[in-house]
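1. With the input below, show me the fold.
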Amino acid sequence: MVVNTDLLVPMTDANQNFSKVVRLVDENGMAVILKNNKPRYVIVDFEEYDDIASALQMRNSKIMKTADEIIDSNMQAFLELAK
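-> From the prediction side, this is the model:
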């Protein structure tokens, strides 16, 4: 994942100056908080979060549908293996 370095905020800065984090989110849509100099948390605008949550839900639904299709089409083999 490529992260704009202007969006990085060390954990200590985020703790001491949360308004800086909020300002970054307002201006850029997100902020990345570093813990031990590694990206650890992403703070996003709530609308962006809603879009992400919807996309994840759709992705999970597709995975479950595919899994169900695989199980249905191979049920006899699974039953044999279960013996």
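
2. Every contact and neighbour count from this point should use C-alpha atoms.
-> Noted.

3. Please identify the longest helix in this structure, counting by residues.
-> For the chain, the helix with the greatest residue count under DSSP state H is helix 46-73.

4. Report all helices and strands that it contacts.
-> Secondary-structure packing of helix 46-73 (3 or more Cα pairs under 8 Å, 6 or more residues apart in numbering; DSSP states H and E): no helix or strand packs against it.

5. Can you tell me, leaving aside adjacent residues, what's nearest to M30?
-> Excluding the flanking residues, the one nearest M30 by Cα to Cα, 6 or more residues apart in numbering is V44, at 4.4 Å.

6. actually R40, not the one I typed
-> L34 (5.4 Å).

7. and the one you found, helix, strand or coil?
-> The local conformation at L34, judged by DSSP: H, G, I helix; E, B strand; the rest coil, is strand.

8. Identify the residues contacting it.
-> Contacts were defined as Cα atoms under 8 Å, 6 or more residues apart in numbering; by that measure L34 touches L8, V9, P10, M11, R40, Y41.

9. Find the residue at the geometric middle of this protein.
-> By Cα atoms, centre = their mean, the mean C-alpha position of the chain lies nearest to I52, the distance being 7.0 Å.

10. Check that residue and give its pLDDT.
-> The confidence metric pLDDT takes the value 91 at I52.

11. That one and F46, how far apart?
-> Counting by Cα to Cα, to the nearest Å, the gap from I52 to F46 is 10 Å.
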